[in-house]
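>>> My questions are about this predicted structure, shown below with the sequence.
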Amino acid sequence: MTSLDELFNGIESHRFSALVNVASNLKTFLRALDAQPEIRQLAVAMSSPEVRASVLVRVTELAGKDFDPDYENPWDSALAAYLWLLSRTDAEGAALAAARIGTCSRCWWANKVAERIPSVMAAPTNGPAAGPSAGATTSAKMG
Amino acid sequence: MPQRDSPLLLETRGRWRIPNELRPERPMIALAESIRILGDAFPDARLRSITATYNCMGLVVASRRTWVDPEHLIRILREDGFRRLGSAAEAEPGDVVAYHDPDGEICHVGIVVQKNLALPSTPTDPLKVLSKWGADGEYLHDMSRVPYLLGVAAEFWTDRRGV
């Protein structure tokens, strides 16, 4: 059984970033995410509210980290991945994460996923997740 | 909201403004890891260059300057006077090859740079292609030898003209 920290480390690795960055548009990027074992394992683990809360905390931590402003945010792929997973399981958490990522500079995929998340004000406080469904990826645009 | 660079002023010959977006460079350590991973997975592919600042579409339609969504490819080719070929066998160096995802939508594009010799004893890719693999490297590769996420070669277009 892979621990949550191990999954986080895998998703935040340069290896993970390289694998999902072969994509040229958002639709392909989301397909790339769904193909990664770390994402599949974390998606299963996120049936737990505690794990979903940990993912949201992780987004906040990563979004606040310093990095070289001459380059893209090194956690862009990880932030996009966490937000994508939250959007499928926790609409309110996804809206909060998207708002946090919206303040984060030099993100690419994370911004594109965030743009698809309904805002905090519009997010339901309970009930089914209102995030993008798998079918919604069909019409995903590059940005 | 974070500030983004303005898109380039980029038009087809038909004067359609091509949507595009400037992407920041990825950290050097991330690019190096990409070279290592894709080099291991595709040892026959030759890396020409690596940068995140343009994608496959940027290579083909924008002189390596920006990101353009592959969904715009057909409109751009038509407005630039390209015509679709019947098969890979009709393609020549300089022509364009478009790759389809499992839904039949264009997800990748490259430029034909060479016709491979067909050897009776060995299955050979008909074409050598130059293409940019997302935000990773620009590779010279056999037409079908791309990461599976980049789909399968499905359409061939040319702007060749004669008299």
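Okay, I see it. Bear in mind the structure is a predicted one, so any value in this text is a computation, not a measurement. Numbering: from 1, shown residues only, chains lettered A, B, ... in the order given.
>>> What parts of chain A come near chain B?
Contact residues (C-beta under 8 Å from any C-beta of the partner chain) of chain A with chain B: A:14-15, A:17-19, A:21-25, A:27-28, A:31-32, A:35, A:67-68, A:70-72, A:74, A:102-108, A:111, A:138, A:141-143. C-beta coordinates here come from the backbone N, C-alpha and C atoms, glycine included.
>>> Could you tell me which of these are located in helices?
In helices, defined here by DSSP state H, the members of the residues of chain A next to chain B are A:14-15, A:17-19, A:27-28, A:31-32, A:35, A:102, A:111.
>>> which of those has the most neighbours?
Among those, the one with the most neighbours (other C-beta atoms under 10 Å in any protein chain shown) is A:Ser17, at 28 neighbours.
>>> give me the element residue 98 is part of.
Using chain A. Using DSSP states H and E, A:Ala98 falls within helix A:91-102.
>>> To clarify, I was referring to chain B.
Assigned by DSSP H and E, B:Ala98 falls in strand B:96-100.
>>> and if you look at A:Val59?
helix A:49-63.
>>> how about that helix as CSV, C-alpha atoms only?
Extracted as CSV, the C-alpha positions of helix A:49-63 are listed here (Å, rounded to 0.1, in the frame of the first residue of the first chain):
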residue,chain,number,x,y,z
PRO,A,49,-12.9,13.0,3.4
GLU,A,50,-9.6,13.0,5.3
VAL,A,51,-7.6,12.4,2.2
ARG,A,52,-9.5,15.0,0.3
ALA,A,53,-8.8,17.5,3.0
SER,A,54,-5.1,16.5,2.8
VAL,A,55,-5.0,17.1,-0.9
LEU,A,56,-6.6,20.6,-0.4
VAL,A,57,-4.0,21.4,2.2
ARG,A,58,-1.3,20.2,-0.2
VAL,A,59,-2.6,22.5,-2.9
THR,A,60,-2.4,25.4,-0.5
GLU,A,61,1.2,24.5,0.5
LEU,A,62,2.4,24.1,-3.0
ALA,A,63,0.7,27.2,-4.3
